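1. here is my input, please return the structure:
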Amino acid sequence: MTDWAARIGWVVGLLFFIALVYWLMREGWKWRGTLQGDLPELPGAPSEPGPARLELSGRYHGSTSAGQWLDRIVAHGLGTRSRVELTLTDAGLDVVRPGATDFFVPAGQLREARLDKGIAGKVLAEGGLLIVTWEHGGKLIDSGFRSDHAAEQAEWVETINNMITTTSTTEGTAR
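-> The predicted structure is shown next:
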């Protein structure tokens, strides 16, 4: 014989527990955003960014504090994974994310580009992610991207790092 009342009680209890866990996860995500509230609004792209040096279609996997690949930044939508269209111009890096907040990283705020294996929530084979380090509001941020064509990521690293070297050399001689 089946005790339907006990079975229904267990099912309701399990569903309540699952709902509680999801609610706590959501509250933790919102709390993390509150703690990162000192991060200024993300800059938008300039009206005339100039011709594209490189373009990439792929996925945006999130942003973390630089060098801390598990410290996800969720403020201003930086924690939201999405599709991405990246465009690198002389003005900077334009990050267009359908369904999420777009942002722009001015060339003067780019610090480094490298290939790495992971960022919060995503781990791939060595060199599977394009990580771009940039400065915003006095904080260094690592943003992780995965191209639809992984072979082109090495070109992005070289181009961004050359652009940073050229920009810092030009700024150094202008002072």
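
2. neighbours of residue 63, how many?
-> 28 (other C-beta atoms under 10 Å). The way it works is simple: take the backbone N, C-alpha and C, and place the C-beta from them, glycine included.

3. quick one: strands adjacent to the helix or strand bottoming out on mean pLDDT in the chain?
-> Taking mean pLDDT, DSSP states H and E as the measure, the helix or strand of the chain with the lowest value is strand 122-123, at a mean of 74. Note on strand 122-123: by DSSP bridges, its sheet partners are strand 118-119 (antiparallel).

4. so which bits of stretch 79-97 are buried?
-> Using 16 or more other C-beta atoms under 10 Å as the burial criterion, the residues of stretch 79-97 that qualify are 79, 82, 84, 86-89, 91-97.

5. can you check stretch 56-68 too?
-> Buried residues in stretch 56-68, counting neighbours by 16+ other C-beta under 10 Å, are found at 56, 58-66.

6. among those, which two are most distant?
-> The most widely separated members of the buried residues of stretch 56-68, counting by C-beta to C-beta, are 56 and 65 (23.6 Å).

7. tell me the mean pLDDT over stretch 10-28?
-> Mean pLDDT, stretch 10-28: 94.

8. how far is that stretch from where the chain is centred?
-> Here stretch 10-28 is found 28 Å from its chain centre; the criterion is C-alpha atoms, centre = their mean, to the nearest Å.
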